[in-house]
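Q: Next one to model:
(2 chains)
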There are 2 protein chains.
Amino acid sequence: MEAVRRHLLLPPAPLRPNPLSSLAEVEPSPVIIGGMVLDIHAKPSVPPHPGTTVPGMVKYISGGVARNIAECMSKLGTQPFMISVVGNDMAGDFLLKYWRSAGLRTEGILQADDVATPVVSNVFDGSGELVAGVASVEAVEIFITPSWIYRFRHHITNAPLVMLDANLPPESLKAACITAYESGVPVLFEPVSVVKSRRIAPVAEYITCTSPNEIELVAMANSLSPSLKYNFHKIEQFKEKADAVEYLFEMLSPAMFFLLEKGIKLLIVTLGPNGVFFICCKEHTNFMKDQRKKVQTDAFSRQLLEKMDGCFPLNSRVNLCGESSSRTCVFHLPAISASVISLTGAGDCLVGGVLSALCAGFDIIQSVAIGVAIAKASVESEANIPDDISAANIADDAQSVLHSAKVLWCN
Amino acid sequence: MEAVRRHLLLPPAPLRPNPLSSLAEVEPSPVIIGGMVLDIHAKPSVPPHPGTTVPGMVKYISGGVARNIAECMSKLGTQPFMISVVGNDMAGDFLLKYWRSAGLRTEGILQADDVATPVVSNVFDGSGELVAGVASVEAVEIFITPSWIYRFRHHITNAPLVMLDANLPPESLKAACITAYESGVPVLFEPVSVVKSRRIAPVAEYITCTSPNEIELVAMANSLSPSLKYNFHKIEQFKEKADAVEYLFEMLSPAMFFLLEKGIKLLIVTLGPNGVFFICCKEHTNFMKDQRKKVQTDAFSRQLLEKMDGCFPLNSRVNLCGESSSRTCVFHLPAISASVISLTGAGDCLVGGVLSALCAGFDIIQSVAIGVAIAKASVESEANIPDDISAANIADDAQSVLHSAKVLWCN
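A: Sure thing, here's the model as predicted:
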């Protein structure tokens, strides 16, 4: 009777989620909130010509930053809980297919008739340059509302961590951030693009971690800085890789430290072929809620844990990951040389790899190294998220990253 | 036992049609053979820019000449039997959705895992011009084979008429043509494009009817003419519409009469805003097998038949449609002024309208007039095939076409 009464007191559900989803006991899964997008890639086999259709190939690819991260985590053995929206249309069914085949939970993914599934339709030329592209992704802004997110507040408050992509509208970013923050759940903010990265400004105080590239980093710092403006000038040619890293650190460190001042605890700055900088802030080395209560570990994570066991080359030097640590350190992790096939999805794989490794019980330094290794696997694959990720290869690559990692600065 | 024995003697089915489809008693339905295509139309809301994706709308439209004609016929109350191919993929399911919702038979549509559903992905600019487009339609050539067509030979030999689109590979065009021809089933050849229209050459002797535009007409005539070359020069400006029609007739009649010499019995030449020419050849006024055995008449056709009853303004003058007729005549039917929304699909609606009207028992002149009226409904609709076709409006428009129709020549 009590259950019935409570049910009747709930506001009527205008859409169609599982009515019990906010009441039932929820298993702790990382929560991923943001866009699921169908990418249509058309590549002509002869030079494209305005005014006429030419023969070629058309491919459908599952995309969207949050979706890519969630798929990557699922392929690494972590079952994320996705909060998103698709239409009750061809593209929506296509995007949900992987979810269903992988046995992932779909209650958080609104599928409704009046939604047009987010889609990006691109035509490339023979050398892979974009000739013309159109994005229709407003459903993410219109339908991933605070009230849709609140339906899954128990998933958020029980999650080991929450990932938000900047495609979310500002009010939804805020709703998710505050819900997570009030329960002590770390939040990762994925900036998506230079324009959207600025959406961090009103919610920065609730964000634990963010993963910009150089340009997004500067844009985010500027969005938070009322007076001082940060700049970034890329220089393509350096005699030595080390010179480039040194230059980048000098150029970017003001913006990086400014974000730490604003409350960010972990900053992962992707530098393309130059690897990543990452900064851990003192007094905050746990990037998961209830770190000891590991989420799910499947065969993949266990294999990775076994192979990586004992590989703590940096920890011994900086003692960052002990709970007694109170230091702030900047690290540089180099990229691993790769046979590039497609760069799309690499950044999402980095984030998916980091989050999945954290959930599997790795420390933050190992987790970022594993992220770099997964990103390498992504650029060597045509798909956004590679289909066959080998735990042995990832462990090898992550260890080689850790061995060439450097501490650039520590206080 | 006899059925079992026959079944066991059949060669094993490598794909998955209904195993009884070639044996069972088949109802006489018009047979439509050719492409089913997903059209992806991307329209930016700001000017498109190479190298970057801009916001806009992306639409999925069911297309393909044969598919459009079949959908149009189905919406006019005639149930066509479609022979085609789609992949076991997102686009294939999308294209079959209409077939299933309309209760149309799908045994003739091969859906297989190794097929990529034909797709055309186009990006337009703000004024509707094509910026870049890629077509991936080779499945029609690879998979609509003579042996796939032969599986449905009983449908073909029992059909009142057969429509083939020039997307079919030459050997399949030939297989379908000969099967129909040997059973006395009239064949309509839809030329699709200037390049593909030339595929008529090896099969012209089996073709009853074809529906080219001016340029396809000339290309077809040239493909059949070893020596003389036909030409067509379009002139945009005429003081009077009548002058344009006279000029077009003078310009096109050599190619038109040449096609009649080659065995074509009915020629419908579409002239865009100038309407259509059509020529009926003497000794052939039946464009359906077993003309008296009407196929299916539903509410739509009955309403149209009622409203058009007694409207034979040309028949009384030329007595073409009586069976005793032995004349060859050229008619001009004007287009009806329309508020143009989208020109795509208009030609397919013209053909679908003509075929559907013939199946419903209209004579050839009325049928072409109904085709012109359906084409007008198509240009006034965003969709290739308009959703709501009003029998009353079609009857009104077809009557107005018939009242302004002219006999240009008769022998």
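Q: what's the closest residue to chain B within the stretch 301-411 of chain A in contact with, if anything?
A: As assessed by C-beta to the nearest C-beta, chain B sits closest to A:Thr344 within the stretch 301-411 of chain A, at 11.9 Å. All C-beta atoms are positioned from the backbone trio N, CA, C, and that covers glycine. By C-beta atoms under 8 Å, 6 or more residues apart in numbering or on different chains, the contact set of A:Thr344 is A:Asp39, A:Gly63, A:Asn384.
Q: now A:Val119
A: Applying C-beta under 8 Å, 6+ apart, we find A:Val119 in contact with A:Val37, A:Leu38, A:Asp39, A:Ile40, A:Ala91, A:Ala135, A:Ser136, A:Val137, B:Val58.
Q: Isn't the first one up against A:Ala66?
A: No - between A:Val37 and A:Ala66 no contact is recorded; they are 9.3 Å apart, counting by C-beta atoms under 8 Å.
Q: Identify the contacts common to the two.
A: Residues touching both A:Val37 and A:Ala66 by C-beta under 8 Å, 6+ apart: none at all.
Q: re the thing from before, in TSV: the contacts of A:Thr344, plus pLDDT and neighbour count.
A: Output for these, formatted as TSV (pLDDT from 0 to 100; neighbours: other C-beta atoms under 10 Å in any protein chain shown):
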residue	pLDDT	neighbour count
A:Asp39	94	21
A:Gly63	94	24
A:Asn384	88	21
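Q: Just the ones in strands from the residues you listed, please.
A: Among those, the residues falling in strands (DSSP state E) are A:Asp39, A:Gly63.
Q: how about the residues of the stretch 1-150 of chain A near chain B?
A: For the stretch 1-150 of chain A, the contact set with chain B under C-beta under 8 Å from any C-beta of the partner chain comprises A:40, A:42-44, A:48, A:50-58, A:60, A:89-91, A:93-94, A:116, A:119-123, A:129-138.
Q: List only buried entries from these.
A: A:40, A:42-44, A:48, A:53-54, A:56-58, A:60, A:89-91, A:93-94, A:116, A:119-123, A:130-137 (16 or more other C-beta atoms under 10 Å in any protein chain shown).
Q: Output the below-cut-off pLDDT ranges for chain A.
A: In the predicted model of chain A, residues A:1-26, A:282-286, A:291-297, A:310-326 satisfy pLDDT under 70.
Q: Show me what the longest helix anywhere in it is packed up against.
A: In chain A, taking DSSP state H as the definition, the longest helix is helix A:241-261. Counting contacts by 3 or more C-beta pairs under 8 Å, 6 or more residues apart in numbering or on different chains; DSSP states H and E, helix A:241-261 is packed against helix A:214-224, strand A:266-270, strand A:276-280, strand A:329-333.
Q: all helices for the stretch 251-400 of chain A, in order.
A: A:299-308, A:315-318, A:346-360, A:364-379, A:391-404 (DSSP state H, counting those that start in this stretch).
Q: Now mean neighbour count too, for those helices, in TSV please.
A: Rendered in TSV, the data for these read as follows (neighbours: other C-beta atoms under 10 Å in any protein chain shown):
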stretch	mean neighbour count
helix A:299-308	17
helix A:315-318	13
helix A:346-360	28
helix A:364-379	27
helix A:391-404	19
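Q: Out of the ones you listed, which is closest to A:Pro226?
A: helix A:346-360 (28.9 Å; C-beta to C-beta).
Q: For chain B, what is the nearest residue in the stretch 151-300 of chain A?
A: A:Ser193 (10.1 Å).
Q: Could you report the neighbour count for that residue?
A: 14 (other C-beta atoms under 10 Å in any protein chain shown).
Q: List the contacts of it.
A: Per C-beta under 8 Å, 6+ apart, neighbours of A:Ser193: A:Ala166, A:Glu216.
Q: Point me to the residue sitting closest to the centre of chain A.
A: A:Val351 (4.1 Å; C-alpha atoms, centre = their mean).
Q: Was I right to think that one contacts A:Val192?
A: No - A:Val351 lies out of contact with A:Val192 (C-beta under 8 Å); the separation is 11.1 Å.
Q: and stretch A:44-64, how far apart are its ends?
A: End-to-end distance for stretch A:44-64: 24 Å, by C-alpha to C-alpha, to the nearest Å.
Q: oh sorry, the question was meant for stretch A:61-68
A: 11 Å.
Q: For the stretch 151-300 of chain A, which residues are neighbours of chain B?
A: Residues of the stretch 151-300 of chain A lying near chain B (C-beta under 8 Å from any C-beta): none found.
Q: For A:Trp409, the count of nearby residues, please.
A: 16.
Q: same thing with A:Pro80?
A: By the criterion of other C-beta under 10 Å, A:Pro80 has 27 neighbours.
Q: At which residues are the helices of the stretch 51-200 of chain A located?
A: Remark: helices assigned in the stretch 51-200 of chain A by DSSP H, counting those that start in this stretch are A:65-75, A:90-101, A:138-143, A:146-150, A:153-158, A:170-182, A:194-197.
Q: tell me which residues of the third one are tucked away?
A: By 16+ other C-beta under 10 Å, the buried positions in helix A:138-143 come out as A:Ala139, A:Val140, A:Glu141, A:Phe143.
Q: And the contacts of it?
A: Contacting residues not belonging to helix A:138-143 are listed as A:34-35, A:84-87, A:110, A:112, A:115-118, A:167-169, B:55 [C-beta under 8 Å, 6+ apart].
Q: Could you export that helix as PDB, CA atoms only?
A: In PDB, the C-alpha atoms belonging to helix A:138-143 read as follows (Å, rounded to 0.1, in the frame of the first residue of the first chain):
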ATOM      1  CA  GLU A 138      19.100  20.700 -30.900                       C
ATOM      2  CA  ALA A 139      17.200  17.700 -29.300                       C
ATOM      3  CA  VAL A 140      20.000  17.500 -26.700                       C
ATOM      4  CA  GLU A 141      19.300  21.100 -25.700                       C
ATOM      5  CA  ILE A 142      15.500  20.800 -25.800                       C
ATOM      6  CA  PHE A 143      14.900  17.400 -24.300                       C
END
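Q: Run through the residues that contact the residue nearest to A:Leu260 when sequence neighbours are not counted.
A: Take A:Leu260 and drop its neighbours on the chain: the residue closest to it by C-beta to C-beta, 6 or more residues apart in numbering or on different chains is A:Cys281, 5.4 Å away. Shown in contact with A:Cys281 (C-beta under 8 Å, 6+ apart): A:Leu260, A:Ile264, A:Lys265, A:Leu266, A:Thr328.
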